[in-house]
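Enquirer: Quick check, what structure comes out for this input:
(one chain, ligands or ions: 1)
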Amino acid sequence: MPKKVSLRMCVACRQMKEKKDLIRIIKDVTGSIVVDEKVKQSGRGAYLCKSQDCLQKCIKTKALNRALSCDIPQSVFENLKEKIIEE
Ligand SMILES: [Zn+2]
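Expert: Below you'll find the model as predicted:
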């Protein structure tokens, strides 16, 4: 039986990808935005490809702001940028 892979949609390019190819950004219970590497925290989440293109695109289009329906602090984008470069 093939292993079931759950797909999530990137907020920038709207492609469905495997979770391992995405970074999860969540709004936690206190309303703060965190980049969730271990995907263990609960809260409203959005996914973004591990790619600079998608990061730039989501900054430009405010896709992440819309997905989480709040303002995303610049520090979150800086954090994402660093994580994407590390990949
Ligand atoms: Zn993408």
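
Enquirer: residues in the chain within reach of the ion, list them.
Expert: Contact residues, the chain versus the ion (CB under 5 Å from the ion): 10, 12-13, 49, 54. In short, each C-beta sits where N, CA and C put it, glycine included.

Enquirer: May I see those residues arranged in TSV, with pLDDT as well?
Expert: Putting the residues of the chain next to the ion into TSV (pLDDT from 0 to 100) gives the following:
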residue	pLDDT
Cys10	97
Ala12	97
Cys13	97
Cys49	96
Cys54	97
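
Enquirer: In helices, which of those appear?
Expert: Cys54 (DSSP state H).

Enquirer: Quick one: low-confidence residue ranges for this structure.
Expert: 1, 37-42, 87 (pLDDT under 70).

Enquirer: For it, which segments are assigned as helices?
Expert: So, for the chain - with DSSP H - the helices run 52-61, 63-67, 74-86.

Enquirer: Burial-wise, tell me which of the ones you listed comes out on top.
Expert: Highest mean neighbour count of the helices of the chain: helix 63-67, a mean of 19 (counted as mean count of other CB atoms under 10 Å).

Enquirer: name the helices or strands packed onto that one?
Expert: strand 44-49 (3 or more CB pairs under 8 Å, 6 or more residues apart in numbering; DSSP states H and E).

Enquirer: quick one: the strand it packs on to helix 74-86, angle?
Expert: If you take axes from the mean of the first three to the mean of the last three CA atoms, to 10 degrees, strand 44-49 sits at 40 degrees to helix 74-86.

Enquirer: Now do strand 44-49 and helix 52-61, the angle between them.
Expert: Using the same axes, to 10 degrees: strand 44-49 against helix 52-61 is 130 degrees.
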